[in-house]
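Student: coords below, sequence missing:
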């Protein structure tokens, strides 16, 4: 199988080239790039406990939240992601421009830096305080992953 990721210029993350590939090959390339990053970095998990209060004295509920960076198994990530991405890439309603947008999405996801424990702890503090933690939302270029074009199945992840 040929590698569809190329690096242009000096350094940086490789480009995930899915244009012109079969849905299976494009999905394999995209899933590999994203899951390599996830397996290297892990995923932040925030668990909160507590939260009593809110009584007549005007007190607010409080909770304690902790953040952990959990490992991600490459094989599990790849199996799930490649299946979902192949389903999306198999959709006849997907345009060439949308495929290009997905390439930007996969490039962006694969190039994201790892969250540090300090950053994860800040997210947990924000959750405990009831404020919005720093956004962990996917980039705008990834909107098609959660909202595919009409007539295309939604990914399960």
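Tutor: Arrived safely, thanks for sending. Being a predicted model, the structure only gives us computed values, none of them experimental.
Student: Buried residues, whichever strand or helix holds residue 81. List them.
Tutor: Take DSSP states H and E as the rule and residue 81 turns out to sit in helix 74-89. By neighbour count with 16 or more other Cβ atoms under 10 Å, helix 74-89 contains the buried residues 77-78, 81-82, 84-89. Heads up, the C-betas are built off the backbone N, CA and C, glycines and all.
Student: C-terminal to that helix, what's the next element?
Tutor: Assigned by DSSP H and E, the successor of helix 74-89 is helix 96-111.
Student: I figured residue 74 hits residue 35, correct?
Tutor: Yes - using Cβ atoms under 8 Å, residue 74 is in contact with residue 35, at 5.3 Å.
Student: Name the SS class of the one residue sitting closest to the centre of the chain, please.
Tutor: Closest to where the C-alpha atoms of the chain average out (Cα atoms, centre = their mean) is residue 138, at 5.8 Å. The local conformation at residue 138, judged by DSSP: H, G, I helix; E, B strand; the rest coil, is coil.
Student: Tell me who's in contact with it.
Tutor: 105, 109, 145-146 (Cβ atoms under 8 Å, 6 or more residues apart in numbering).
Student: Strands along this structure, start to end?
Tutor: Taking DSSP state E, the strands of the chain run over residues 5-6, 15-16, 43-50, 63-70.
Student: Tell me which of those is the most buried.
Tutor: Compared across the strands of the chain, strand 15-16 shows the largest average neighbour count, a mean of 22 (mean count of other Cβ atoms under 10 Å).
Student: now that strand, how far from the centre of its chain.
Tutor: Taking Cα atoms, centre = their mean, to the nearest Å, one finds strand 15-16 lying 16 Å from the centre of the chain it belongs to.
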